[in-house]
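> quick one, structure for this:
(2 chains)
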Amino acid sequence: MGIRERLSGNEAIAVAMKQINPDVMGAFPITPSTEIPQYFSSYVDNGEVDTEFIAVESEHSAMSTCIGAQAAGCRAISATSSCGLSYMHEMLYVAASDRLPITLAVSCRALSGPININNDHSDAMSVRDAGWLMLFAETNQEAYDNYLQAMRIAEAVNLPIMICQDGFITSHAIENITLVEDDKVKDFVGEYKPEYSLLKGSMAVGPYATPAFYIEAKRQQAQAMIDAKDVIRSVSADFEKMTGRKYDLIEEYEMKDAERAIIIIGSSAGTAKEAIRGLRATGEKVGLIKIRSFRPFPAEEIARALKNVKVFAVMDKADSFNSHCGPIFAEVSAAMCVANINNPKGINIIYGLGGRDVRVESIERVFAQLDEIVKTGDVGESYRYLDVRE
Amino acid sequence: MSNLKAKDINETITWKEITLGCSVFEGGSAELVNTGDWRTIKPVIDMEKCKQCMLCVPVCPDMSIPVEEDGRRGEFNLFFCKGCGICAKVCPFDAITMIKDEK
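Next up, the predicted model:
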């Protein structure tokens, strides 16, 4: 049945952590994820969990702590945002290449500068090639649900996983949420029983690999990411059996007969759905593809969902500063190219940077731009900023 | 994926067989890697000049100067020796000379 609650996204993540009761947390505070270790340390202090909480002096050490603990055979977790994630950068690659299924909660926030504490995806997108699984949430409920599924996914493929949500927008806003009962969470997540670990016998983790071995290790790591797509689907199916809440790599909303579509990630998907409801009521054939799994990237699924639209806009809450597009547009374009789909025209919309409000009208303006392309047949500039003062 | 020992991880291993993250399932595996083959010069000791002062032993970065059971230093073990020459530099008696290493 579930437990009715009202929680902020950060507290929902902390509650999920409490229900899982992992072995080690290494964390350092940074806005807007600070509340996660803050709530969790109170659970430790109250004896509600028996996690070893290690208060470190930096995010580099937070991730190093997780790497050491997970290599020893523990379930290790952390939480961070923005510059904290950047400060972990080096160790994120080590965690992934050492094949340690660490779970990291990220409350996404802009990277400096100008210095800014509000939401965009420049932090998460800048670590997209680190080799981590990355799930994004639209709502507090999704952040919580993704977290409950995280360890099973990560441990099945021996890759670390980031559970991303939008800083302040979901991390601090309180929403109604349905929690899963403690005993059901424990049964669902299960015990961590790694085949090998430092405490199980003589073992060297993270050795030097010469050119004769490095690329074999990387090819094997790439396979784990490929294999993760099926694992995410299967864990999501089990989760649906337990809760009735359905998840996949992507969510298609009003896509069946859509002529204009947007591809979006994170909390603004909710705003976009509201805009679509309004436009649909006036007979406009508009739809949305929400990306839940950014790593692995659902290339085939997106190409399939887009093949019948006339025009689409990929919404990026981060810019790549490459003079032509943001990160999700690049991946979607590659997906269309590989699937040999040339028909729909696509544009890239950079939006919401540094917490710029994304309103229903903002999304309506995107659909209006797409309508213009349909009417004129001219894509015009494909690299566009939304709601920026001219 | 498996729990291989260092001797089983060689240049014929495929990406499917290599261990997770190149982990090695034993300790002391450096004994299998002859890093001394980087060397272009090598130390030689003149035992006539050596006074067994033992200053050379602790400065060697590569455990190339074995200490015998009687507490005296022995001949160089060149398996890890890179030819850095610190031992020759610290020797107060000019008992150690660096010479060109020929393979």
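> measure the most centrally placed residue in chain B to B:R72 for me?
Closest to where the C-alpha atoms of chain B average out (CA atoms, centre = their mean) is B:F80, at 1.8 Å. According to CB to CB, to the nearest Å, B:F80 and B:R72 sit 21 Å apart. (Each C-beta comes from the backbone N, C-alpha and C, glycine too.)
> give me the element A:I36 is part of.
Taking DSSP states H and E as the criterion, A:I36 maps to helix A:35-45.
> which parts of that helix are buried?
Using 16 or more other CB atoms under 10 Å in any protein chain shown as the test for burial, helix A:35-45 gives A:35-37, A:39-41, A:43-44.
> do the helix or strand containing A:I232 and chain B meet?
Secondary-structure assignment from DSSP H and E places A:I232 in helix A:214-243. Yes. Interface with chain B: helix A:214-243 contributes A:214-217, A:219-220, A:223 (CB under 8 Å from any CB of the partner chain).
> so how do I select the buried members of the residues you listed in PyMOL?
Buried residues among those (16+ other CB under 10 Å), as a PyMOL selection:
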select buried, chain A and resi 216+217+220
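> in TSV: the residues of helix A:214-243 next to chain B, plus pLDDT.
TSV is the format used below for these (pLDDT from 0 to 100):
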residue	pLDDT
A:Y214	97
A:I215	98
A:E216	97
A:A217	97
A:R219	98
A:Q220	98
A:Q223	98
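> could you chop the chain up by domain?
No chain specified, so I'll use chain A. Residue ranges for the domains of chain A, per automatic domain parsing: A:3-243, A:251-385.
> wrong chain, I was asking about chain B
B:1-33, B:34-103.
> check the average confidence over the last one, would you?
I take that to be domain B:34-103. Average pLDDT, domain B:34-103: 95.
> B:C84 and B:C60, how far apart?
Applying CB to CB to B:C84 and B:C60 gives a distance of 8 Å.
> these two touch, right, A:E284 and A:F367?
Yes. At 7.1 Å, A:E284 counts as touching A:F367 under the criterion of CB atoms under 8 Å.
> who has more neighbours, these two?
The residue with more neighbours, out of A:E284 and A:F367, is A:F367; 21 against 16, by other CB atoms under 10 Å in any protein chain shown.
> next up, the contacts around that one.
Counting by CB atoms under 8 Å, 6 or more residues apart in numbering or on different chains, A:F367 makes contact with A:260, A:262, A:275, A:279, A:284, A:286.
> joint contacts of A:E284 and A:F367?
Common neighbours of A:E284 and A:F367 (CB under 8 Å, 6+ apart) are A:R260.
> what sits closest to residue 17 if chain neighbours are left out?
Picked chain A for this. In space, and not counting its chain neighbours, A:M17 is closest to A:F40: 5.4 Å by CB to CB, 6 or more residues apart in numbering or on different chains.
> try again with chain B
Per CB to CB, 6+ apart, closest to B:E17 is B:S2, 6.8 Å.
> element containing A:R6, please.
strand A:3-8.
> what about the residue nearest to B:K5 when sequence neighbours are not counted, which helix or strand?
For B:K5, ignoring the flanking residues on the chain, the nearest one in space by CB to CB, 6+ apart is B:E26 at 5.2 Å. Here B:E26 sits in a region with no helix or strand, counting by DSSP H and E.
> any idea how far B:E26 lies from A:D50?
Distance, B:E26 to A:D50, using CB to CB: 32 Å.
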